[in-house]
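In: below: sequence and its predicted model.
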Amino acid sequence: MIVIAIIGILAAIAIPQFAAYRVRSYNSSAQADLRNAATAQEAYFIDFNTYADTTTKLVANTNAYGYFPTVGVTLTIAVGSTDESGYEMRSRNTSGNKTYVITGPGGVIEED
């Protein structure tokens, strides 16, 4: 009976922690995708002297820019409206709880 109580207490502590670890890993995947997409944006800029306005232009299966999207991560791109000299990208994992943004070129990933 005491063993069952101890297991119950440990489960009550471990299950919420496990859920928190999962959410953190989902958020990390959104950050990693954003970092990889920023690198692909810079490679795209080298070839076309403008930034990609859609993710399909960056995806590695269709070209050589090396962006491999993670399942569940949504990435949106907004290119500068007048001279297209910059971009803003946002990413979020559908199972995570945070959205991340980078403004480039040379930006830093921040929580939105």
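Out: Great, that's in hand. Numbering: from 1, shown residues only.
In: list the contacts of the residue nearest the centre of the chain.
Out: The residue lying closest to the centre of the chain (C-alpha atoms, centre = their mean) is Ala30, at 2.1 Å. Counting by C-beta atoms under 8 Å, 6 or more residues apart in numbering, Ala30 makes contact with Thr70, Val73, Ser91, Arg92, Asn93, Gly96, Lys98, Thr99, Tyr100. Every C-beta, even on glycine, is put in place using the N, C-alpha and C of the backbone.
In: could you redo the last one with a cut-off of 6 Å?
Out: Listed by C-beta atoms under 6 Å, 6 or more residues apart in numbering, the contact partners of Ala30 are Val73, Ser91, Arg92, Asn93, Gly96, Tyr100.
In: what do you get for Thr94?
Out: Counting by C-beta under 6 Å, 6+ apart, Thr94 has contacts Gly72.
In: and the residue nearest to the centre of the chain, how far is that from Ile102?
Out: Applying C-beta to C-beta, to the nearest Å, the value for Ala30 to Ile102 is 11 Å.
In: confirm Met89 sits in a strand?
Out: Yes: counting by DSSP: H, G, I helix; E, B strand; the rest coil, Met89 is located in a strand.
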